[in-house]
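Q: have a look at this prediction, sequence included:
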Number of protein chains: 4
Amino acid sequence: MSVVSDLLERVSEIGNALLPGAATRDAPLEDLCERLASGRGEATGLALAGRVLDRLEAMDDAARVEAFAMLAERFGPNRARLEAAVEAWRAAPDDDALARAVHFSSEPRSQELVRRLNSPPGATARLVRLRAALLRALRENSRLEGLDRDFRHLFGSWFNRGFLRIQRIDWSTPAEVLEKIISYEAVHEIRGWEELRRRVAAPDRRLYAFFHPAMPGDPLIFVQVALTADIPGAIGPVLAEDRAPHPAEQARVAAFYSITNCHEGLRGVSFGAFLIKQVVEELSRELPRLRTFVTLSPIPGLRAWLAGGAPELSDEARATMAAEPPPPDALARAAAVYLAEAKSRGGPLDPVARFHLGNGAVLHRVNPEADASERGMAASWGCMVNYLYDLDAIERNHEAFAGEGAIATAPAVRRLLPRR
Amino acid sequence: MSVVSDLLERVSEIGNALLPGAATRDAPLEDLCERLASGRGEATGLALAGRVLDRLEAMDDAARVEAFAMLAERFGPNRARLEAAVEAWRAAPDDDALARAVHFSSEPRSQELVRRLNSPPGATARLVRLRAALLRALRENSRLEGLDRDFRHLFGSWFNRGFLRIQRIDWSTPAEVLEKIISYEAVHEIRGWEELRRRVAAPDRRLYAFFHPAMPGDPLIFVQVALTADIPGAIGPVLAEDRAPHPAEQARVAAFYSITNCHEGLRGVSFGAFLIKQVVEELSRELPRLRTFVTLSPIPGLRAWLAGGAPELSDEARATMAAEPPPPDALARAAAVYLAEAKSRGGPLDPVARFHLGNGAVLHRVNPEADASERGMAASWGCMVNYLYDLDAIERNHEAFAGEGAIATAPAVRRLLPRR
Amino acid sequence: MSVVSDLLERVSEIGNALLPGAATRDAPLEDLCERLASGRGEATGLALAGRVLDRLEAMDDAARVEAFAMLAERFGPNRARLEAAVEAWRAAPDDDALARAVHFSSEPRSQELVRRLNSPPGATARLVRLRAALLRALRENSRLEGLDRDFRHLFGSWFNRGFLRIQRIDWSTPAEVLEKIISYEAVHEIRGWEELRRRVAAPDRRLYAFFHPAMPGDPLIFVQVALTADIPGAIGPVLAEDRAPHPAEQARVAAFYSITNCHEGLRGVSFGAFLIKQVVEELSRELPRLRTFVTLSPIPGLRAWLAGGAPELSDEARATMAAEPPPPDALARAAAVYLAEAKSRGGPLDPVARFHLGNGAVLHRVNPEADASERGMAASWGCMVNYLYDLDAIERNHEAFAGEGAIATAPAVRRLLPRR
Amino acid sequence: MSVVSDLLERVSEIGNALLPGAATRDAPLEDLCERLASGRGEATGLALAGRVLDRLEAMDDAARVEAFAMLAERFGPNRARLEAAVEAWRAAPDDDALARAVHFSSEPRSQELVRRLNSPPGATARLVRLRAALLRALRENSRLEGLDRDFRHLFGSWFNRGFLRIQRIDWSTPAEVLEKIISYEAVHEIRGWEELRRRVAAPDRRLYAFFHPAMPGDPLIFVQVALTADIPGAIGPVLAEDRAPHPAEQARVAAFYSITNCHEGLRGVSFGAFLIKQVVEELSRELPRLRTFVTLSPIPGLRAWLAGGAPELSDEARATMAAEPPPPDALARAAAVYLAEAKSRGGPLDPVARFHLGNGAVLHRVNPEADASERGMAASWGCMVNYLYDLDAIERNHEAFAGEGAIATAPAVRRLLPRR
């Protein structure tokens, strides 16, 4: 890979040399983009793409919002082509070829622009960061949605799961990758190299990351696993500094205690259940005695839901939740209602629940005193949940969820719900 | 990579087990495709994709033409969605967001279908072969063009040049890759391992191939280079079994004597000048004394153009070409006219000329007695041509070509052309 | 590895520059060796070592015999040191430290010389070839035995089995290694790449080679395996071009049909049973259903023994062997007597029998019509033998063989032997 | 490598199963060693070797001294064989072959024992640690010297420099190797990962390590380099946390500020000047503008020499050194005398000086206020020295040093020495 990057860098330098300085250094950004999108020679193209990326990265946020707005506006579909295609299709609405022509004629020019921006070495990672900025800008300017859709569409194609590679991260992994793991971990912070060592090099711990060939050494997502005798009900013992490791060959349970998306700029590009299944496969192969695959997950939206009135909760239940912190059994019941019944757009309100239940997992157990960390208390009064991945039921659950929004719950959870 | 493939295979097996045999083994292909496109669970999806590919591969050509026609017809854009989006846009034709919405609403469902077909391990290579079949079918059924456009569009995105890796092929390359090189070479046949050895392991020969991570070990395109003292004027001495190798460090010329596209199914997916530039960079780095980068290329369309009347030729010139074979100097003059003046859709009629001149190369020299092979005689009475890659002039030539269709010619070629 | 070699080459070049040309180019070989052994600076040492190797390689055989004789004579133990050490020890013969001192004081200077010759890149392989020449010279000059012992002693230490690496050779192996396999195979000739492919890439064939880090890409020994349903009784079907491969997972038998020592210069450096056991382990891991590990081996000394009178054979048996070729059952009986009873220095006369029986294998079956090749007929009238590796009995057999010279025979073989 | 280790482990397990528990678990160590040295079957041998190593490692120091003494005593040369060989040689003292026979007949049996102990996976590293224990034991029992000589002799052969591999250590190195670097660094302690990062990943720092194939991931020796504009005169600025990195391409000086031997058990096995030359080559290749290769070295024995009376110093000079700390210029003069004139066994008294001057370096400059660390003050009142590696003079210096004990000094050092 490095050879290619290196070559690309040099090709790019040639292009830089060819680009008349005045014409590009001082040229307005829209002119550079116009030249790039209109497809000049390839060497120049590489250099132009680099310049545009440099410019966008060097801007402050306000200027970048402006630039995004310019791109959204000036690089939309070619209206004349679109109009002609629509006219042709409306004259023969049954002609499928004409309908397809509408599609190809209406491609926003920003798509080709972003494709060309992706040529220089390292551009993919830069575009991913740029989209993170675009997502921030989007909060203030909803007119950027179309541009964001272009990014999402292209990223969906580039980060096709067939191109992703799973890799176990351990103590033989290069330091530069481990360092990224430390900095990306969002769920349960890794405080330095010693803690990292415990998470990747202890015999009963595993960490799997997924990589894309265009971003070598920079993981997209990673999953942390504890091999245990029983389904864990709290995060403390899992992360404890002084715990005695469990012999991996004797483990019956693989607990996924942290799943981290590394790049905000890839939001909406789903790697989905697929990745968890790969990890399950990998573990099953190494340790054929594993029987149970389960998560130990946070409930990030619980307190916000409570603060917002928790309409799915009975008045009585809501009253018991007034104490700070609330008593454990009341907390468990409230969490069960939140996870199983609080919905938004047809799915669970809680984003982590939406992910796992959408993957076909079962809401297995609610653990009220599970995470005493500041973050855990702030989000859910320290309550956590186990989602169970039962390979035999995954498809059925997934379909019931996708079809009727049905949430699979274990008896222990159902007992916490009010009878209706 | 193999780990991932392996895992995918197993995930796929799980899916196979879940797929009710009757429901898929005997189900009509359109039903399978419908289920796949409508997005069932991922494990089932992998298995479904595998089944669909199996079916399409097992068909005879006639059945496959039928199947392609079914896909083109049933998996076009969703008309209701498209209609709604068009109506909305027509109501506010200046609204760029609505124009973009027309684009995303009109995506043919076949695109999502092909994306999902790409999930199982090895699927990318299978889809590339399938498109080769589609291109053959297209000759008989032009209604398949829309479907082919979907493939081309997706391949363009997947085979993004940022994902390609250049690799030098030599005698330390795995036999399974070398074997593919032998079988793919189309320009100057490689007759067995001994000849291959001469082409990759001689000190004055280089072979560079480009790979995509989803098709490891299977090159997409490769370039063969001879390091020489002077620009070669015939292919015989280049390929001669008993030639004395030229010391690489003394070479001043790198002659690209064969460029092979390995997969018919990637036709129209351009890797372009970019790849040649990478090879030039790679060679320049290894051998800084190289001064001249030039091709020794066939002229595949020369005799067909002559047979078709060669309208660009003067009557007199045409007469001198009646002899079989024609005299060398007449042949050289005719070839010069063909390459520099015979046009089709604004570019050179000859496909190889179109490629190199489009890349910014110069039509450098015509060599009338250059290729005595059967193939060479059949195509061009043994005439070959050198295209020169002058890095300083590449962009200028490319732009003049792209803009005005101008063909850069060296004085030696211009002297062969009639004065006008 | 290549980086190191490269560096060593440059260090060596510096040394070359420092070496006064006249002083070394024309200096007698003994002077160069003397300078090298006496330990001048390291850079000079590398260059000196290279010069000495160059000289020895450039000589014709006669000159080299002279050179070896010079080395044997002039680079023996330091007599004065030895004498002093012996005197000291004889004065106190019970003092172990003094006995050890005799050992270290008597080291032939040729050992240090050869150690220093081993410094330049690629020297190990050159020394291995040089020893092959020494072994040839030894036939004519038995005074070279001491020098050969130095080589054997040092090689025994350098080629310590802890440093050897097993590697499966298959169709993904670099061509330069495969080419060596073709040229080294001595037992059943490999006629070109197509035959090699059948031997390494067929699903029911395996080839394992052992490498040393100082000779990368150059195997020391390799073992060819056929996976079969039954113990093979002839080589023809194993090597047949058109045979249908046996599904590897169904195989119960792994038949070692060729074991090749690649370097004559490593004669006497035993890699022994150890390597076969590694191959057995490797196969057992990949294919747990394998039950039987057996060879299909030539009997290289059978006809020579017959020609020499075959004293272990009864007169009657000898008479039946007069026909050319002899009848199969007589041949089988004679082969059984040869393998089980013809001895030399306490072990089997036949070298292949000595190897396998010494490893603890059992003489399992004699196959009279097993190898119709010219070589097979010339050596043993086409008779071959199976040696069985029964992991449970290997140690017992090995010890009985080492202790009492006992040869383990299967009933089928015992039935062929005369009752005594 | 890991495949081999893995296989060896399994072969070893088979051997374990074959070893009758009672016969080995309770057997005296000498019996196990006797069985191993006498050469039973190979599988058993691997298991026996493992048992012997386990036993030796589990012992406390006193028991291990006993065990070493037993080995030294019982596994000396075979006296009868030695006697016979000596007699034969004395009868014909001019017969070189007989002198050689004395050598081979007197090999201590402990050598073969240690060779066989080296068979199991990981044994080489275990033997290296064992020799470190032997060196400690040697301080109390000089009769172990012979045994230590066996180890040193075998290690000298196994760790032949042709088998060593140089590798640059940087931020892409596996964490498990970096961790070893942190723990081994003896010269200037590395306090955690952040400091390591500065030493290996800063653009003007390099760290090169040497590895042996039988101890993968465990460096034998490593060298730390600072790329600077001028020859550094103090260690503080080199290690400063907040220094601004010097652009590597502009550096003219490569300063070797730390050279660490990682394994006490390899003491006396010289890797010598050779390794420094390799690093010089590596650096020259990467950065052709480097002009000066120099060390910044401690003077570990300076204060001990002063405390011991510093006989080479004039009375006057000695008097000026009474202050604690002494004034810088007096310290510099005393250090110059110590390094250039204090001798032991014909070489410099200071071990670091002996190493570099023996390699052919020049005593270039004495830096009195160079190392304010506790260790630096304790060893040499913070004084450090630069040894210069001038490639053109290295051989000459080395020979003058080896021949006449001459120490090459730069004018700046000579000016510090008293005129005589």
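A: Yep, it's here. Computed from a predicted structure; not experimentally measured. Numbering: from 1, shown residues only, chains lettered A, B, ... in the order given.
Q: so what's the residue count around the closest residue to chain C within the stretch 251-400 of chain A?
A: Residue of the stretch 251-400 of chain A nearest chain C, by Cβ to the nearest Cβ: A:Pro288 (13.2 Å). Using the backbone N, CA and C atoms, a C-beta is placed for each residue, glycine as well. By other Cβ atoms under 10 Å in any protein chain shown, the residues close to A:Pro288 number 9.
Q: get me the contact residues on chain A for chain D.
A: A:171-176, A:178-179, A:192-193, A:197, A:201, A:217 (Cβ under 8 Å from any Cβ of the partner chain).
Q: and the residues you listed as a markdown table, adding pLDDT and neighbour count?
A: Compiled in a markdown table, those are given as follows (pLDDT from 0 to 100; neighbours: other Cβ atoms under 10 Å in any protein chain shown):
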| residue | pLDDT | neighbour count |
| --- | --- | --- |
| A:Trp171 | 96 | 16 |
| A:Ser172 | 95 | 14 |
| A:Thr173 | 96 | 22 |
| A:Pro174 | 96 | 18 |
| A:Ala175 | 96 | 23 |
| A:Glu176 | 95 | 15 |
| A:Leu178 | 97 | 24 |
| A:Glu179 | 95 | 17 |
| A:Gly192 | 91 | 11 |
| A:Trp193 | 93 | 20 |
| A:Arg197 | 94 | 18 |
| A:Ala201 | 93 | 17 |
| A:Gly217 | 92 | 13 |
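Q: what about A:Asp148, neighbour count?
A: 19.
Q: so the residue nearest in space to the middle of chain A bridges to which residues?
A: For chain A, the residue nearest the mean C-alpha position is A:Asn261 (4.4 Å; Cα atoms, centre = their mean). When assigned by DSSP bridges, A:Asn261 has beta-bridge partners A:Ile221.
Q: I figured it hits A:Ile221, correct?
A: Yes - taking Cβ atoms under 8 Å as the definition, A:Asn261 is a contact partner of A:Ile221 at 5.3 Å.
Q: now whatever helix or strand A:Met70 lives in: average pLDDT?
A: In the assignment (DSSP states H and E), A:Met70 maps to helix A:61-74. Helix A:61-74 shows a mean pLDDT of 94.
Q: give me the angle between the following helix or strand past that helix and helix B:79-91.
A: The helix or strand immediately downstream of helix A:61-74 is helix A:79-91, counting by DSSP H and E. Interaxial angle of helix A:79-91 relative to helix B:79-91 (axes from the mean of the first three to the mean of the last three Cα atoms, to 10 degrees): 130 degrees.
Q: so which elements touch the very next helix or strand once past helix A:79-91?
A: Sequence-wise, the next helix or strand downstream of helix A:79-91 (DSSP H and E) is helix A:96-105. Applying 3 or more Cβ pairs under 8 Å, 6 or more residues apart in numbering or on different chains; DSSP states H and E, one finds that helix A:96-105 contacts helix A:79-91, helix B:79-91, helix B:145-158.
Q: rounded mean pLDDT for the first one, please.
A: In other words, helix A:79-91. 93.
Q: that helix versus helix B:96-105: what angle between them?
A: With the same axes, to 10 degrees as the basis, helix A:79-91 and helix B:96-105 are set at 50 degrees to each other.
Q: which residues of chain A fall in strands?
A: Listed in chain order, the strands of chain A (DSSP state E) span A:165-168, A:205-211, A:221-228, A:253-261, A:292-295, A:297-298, A:343-344, A:347-348, A:362-367, A:384-389.
Q: turn the ones you listed into a markdown table, including distance to C:Gly162.
A: What follows is the strands of chain A, written out as a markdown table (distance: least, Cβ to Cβ, whole Å):
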| stretch | distance to C:Gly162 |
| --- | --- |
| strand A:165-168 | 28 |
| strand A:205-211 | 31 |
| strand A:221-228 | 33 |
| strand A:253-261 | 36 |
| strand A:292-295 | 40 |
| strand A:297-298 | 48 |
| strand A:343-344 | 63 |
| strand A:347-348 | 58 |
| strand A:362-367 | 50 |
| strand A:384-389 | 44 |
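Q: make TSV out of the ones you listed and add mean pLDDT and distance to C:Ser105.
A: What follows is the strands of chain A, written out as TSV (pLDDT from 0 to 100; distance: least, Cβ to Cβ, whole Å):
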stretch	mean pLDDT	distance to C:Ser105
strand A:165-168	90	54
strand A:205-211	95	56
strand A:221-228	96	59
strand A:253-261	94	63
strand A:292-295	96	68
strand A:297-298	96	74
strand A:343-344	90	89
strand A:347-348	91	85
strand A:362-367	98	76
strand A:384-389	96	72
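Q: how near is A:Glu286 to C:Leu287?
A: Look at A:Glu286 and C:Leu287: by Cβ to Cβ, to the nearest Å, they are 20 Å apart.
Q: please say which of these two ends up with more neighbours.
A: Taking neighbours as other Cβ under 10 Å, A:Glu286 and C:Leu287 compare with C:Leu287 leading, 16 against 13.
Q: my guess is the more buried one contacts C:Leu227. True?
A: Yes - counting by Cβ under 8 Å, C:Leu227 is a contact partner of C:Leu287 at 7.2 Å.
Q: what sits in contact with each of the two?
A: Common contact partners of C:Leu287 and C:Leu227 (Cβ atoms under 8 Å, 6 or more residues apart in numbering or on different chains): C:Ala248, C:Ala251, C:Ala254.
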